[in-house]
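Trainee: sequence and predicted model, in that order:
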Amino acid sequence: MPFKGITNLVQENETPKSHKKDILTITERPRVYKEVSINIQKIIREVKKRENDRYIESASNKSRAIWKIINKESGKTRDDDYDIQLTIGKELVSNPTDITEKLNEFFTNAVVELVKQNTKKGVILIYTRQ
């Protein structure tokens, strides 16, 4: 492989000329890029396989887990497995509609506060819809 010894390419009192064989030429770069890209894809596939195996092994209903993976990989379902929670003060909000309302309220209030601060400073804001 062309990267053998590349970490030692430039050492103290050494010139890159002594490692000329380790430096990729312009014509070699696309080939090496393609090899690295293929290797990364193989690694990603292997990681997915292992994660799917782990998921199936830990599932109480293995058949359902298998079908869930098949549907996810085939694009038949969305990834709605997110357990979103929002902590506001000491209140924990987990309902997606309530989270949406709380975020909307927060950002609306933030805009109102900014307008108040800028109005006190004599700055006039004009909002137009396009």
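Mentor: Now that the structure is in, tell me what you want to look at.
Trainee: and residue 88, backbone torsions?
Mentor: phi -120, psi 110 (degrees, to the nearest 10).
Trainee: for residue 93, see how far away the residue lying closest to it once chain neighbours are set aside is.
Mentor: The shortest distance from residue 88 to any non-neighbouring residue, by CB to CB, 6 or more residues apart in numbering, is to residue 102 (6.1 Å). Any C-beta I mention is one placed from the backbone N, CA and C, and that applies to glycine too. Distance, residue 102 to residue 93, by CB to CB, to the nearest Å: 6 Å.
Trainee: again with residue 106
Mentor: To residue 93, residue 106 is 12 Å away according to CB to CB.
Trainee: the two: who's more crowded?
Mentor: Remark: of residue 106 and residue 93, residue 93 carries more neighbours, 17 against 11, as counted by other CB atoms under 10 Å.
Trainee: re the thing from before, need the residues touching each of residue 102 and residue 93.
Mentor: Residues touching both residue 102 and residue 93 (CB atoms under 8 Å, 6 or more residues apart in numbering) are residue 86.
Trainee: buried ones in the longest helix anywhere in the chain, by neighbour count?
Mentor: Identified as the longest helix of the chain according to DSSP state H is helix 29-58. Judged by neighbour count using 16 or more other CB atoms under 10 Å, the buried positions of helix 29-58 are residue 52.
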